[in-house]
Each structure stands twice: as C-alpha cells, then as structure tokens.
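Peer 1: Show me the folded form of this:
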Amino acid sequence: MARTVLLVGEGDAEEVLLRHLKGLYVERGSGLVVTIKNARGKGAEYVVDFAIRQSRNVAFDSVLAMFDTDTAWTERVRRQAARGKVALLPCEPCLEALLLQAFDHKTQGLNSQQLKQKFLREFGRPAHDGQYLRDADAAFFEQARRKAKELDVLLALLKA
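Peer 2: Got it, this is the predicted structure:
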C-alpha cells in the first residue's frame, strides 16, 4: 500500500517549488503518493487551517504546511497544527529567503519585502514564476539542503 503525503503551500511560489521537487524525487510506482495544494495566501493561520480541512477529505499518512512566517505566525497556530496533526515548515521570514540561501545568496538582516526585491534583482522574475528552477536538478537540491533547513525537511519527506 502506498504512503500518502499532502503538501500545502501558502501560495503560488510554494506550489511551484513543491511541484518541482515532487517531479525530481517522486517516481511513479515508488510507493509514495504526493498531493500538492495551494492555500492561495492569507498567512500561516489560514494555511494550517486549509491543510487541516484538506486532510479531513482524505486519510493522508503525513500532512505538511509550508508558509512564510511574516504573517499570522503565532503559538496558537502551532497548537492548532499539533491538534490537526499537521507538520509545519515555516520559511523565515519568507520563501524567498530559503530560495536565496539555496542559491548561495546572503539573506541575513533582510526583511520579507527586501528579500522579495533581492530575489527579483537576482533572478529577474518573482519566485512564483518558477524559471529559477529550470536548471535545478536533484544534485543541486542535495547540495542546497545543507544550506536551507526547510529543503532538508522537504527532501527527507519526499525520499522516505
């Protein structure tokens, strides 16, 4: 019987990354079935609530919510996730920080808005565009997982 995983991303950029990683790491017939959902923004609290509601429809073995910590990220959200059996993958302070780190760019001392602007300068497009991933293969992500703990968590889930 296949192991089932639900990955919920906060928005389009998270969905693009999650789908790319699924394509690299999850082969058909591997015994792992990964479903990806987009919560369409609205902050950490909404993403966790969305993940809980989605997991009520299907009995997933694992549920993970990936979101930025710059909006609605509180202790109450942590407790809500624990009650709903949702693993958390918070991106401090936003997904662009994780991506910039993975591609060896400095992120220290920058807030979400500055990180989004830096990402746009470095890659010429916003993160939800996905073009920055066109050459990012499994070997790239195996190196990048050492630089960004969130990637390490995701890859461990997809390779288990």
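
Peer 1: mind checking the end-to-end distance for stretch 24-41?
Peer 2: 25 Å (CA to CA, to the nearest Å).

Peer 1: What lies in contact with that stretch?
Peer 2: 2-12, 14-15, 18-19, 22, 46-47, 50-51, 54, 58, 60, 65, 67, 137-138, 141, 155, 158-160 (CB atoms under 8 Å, 6 or more residues apart in numbering). In short, each C-beta sits where N, CA and C put it, glycine included.

Peer 1: give me the low-pLDDT residue ranges for this structure?
Peer 2: Under the criterion of pLDDT under 70, the regions of the chain flagged as low confidence span 160.

Peer 1: so where do the strands sit in it?
Peer 2: Secondary structure of the chain (DSSP state E): strands at 3-9, 32-38, 62-68, 87-91.

Peer 1: Would you point out which residue is most central in the chain?
Peer 2: Nearest to the centroid of the C-alpha atoms of the chain, with distances taken as CA atoms, centre = their mean, sits Met66, at 4.2 Å.

Peer 1: List the contacts of it.
Peer 2: 7-10, 14, 18, 47, 89-91, 95, 150, 154.

Peer 1: what does Asp61 give?
Peer 2: Counting by CB under 8 Å, 6+ apart, Asp61 touches Arg3, Thr4, Val5.

Peer 1: roughly how far apart are the first one and Asp135?
Peer 2: Separation of Arg3 from Asp135 (CB to CB, to the nearest Å): 30 Å.
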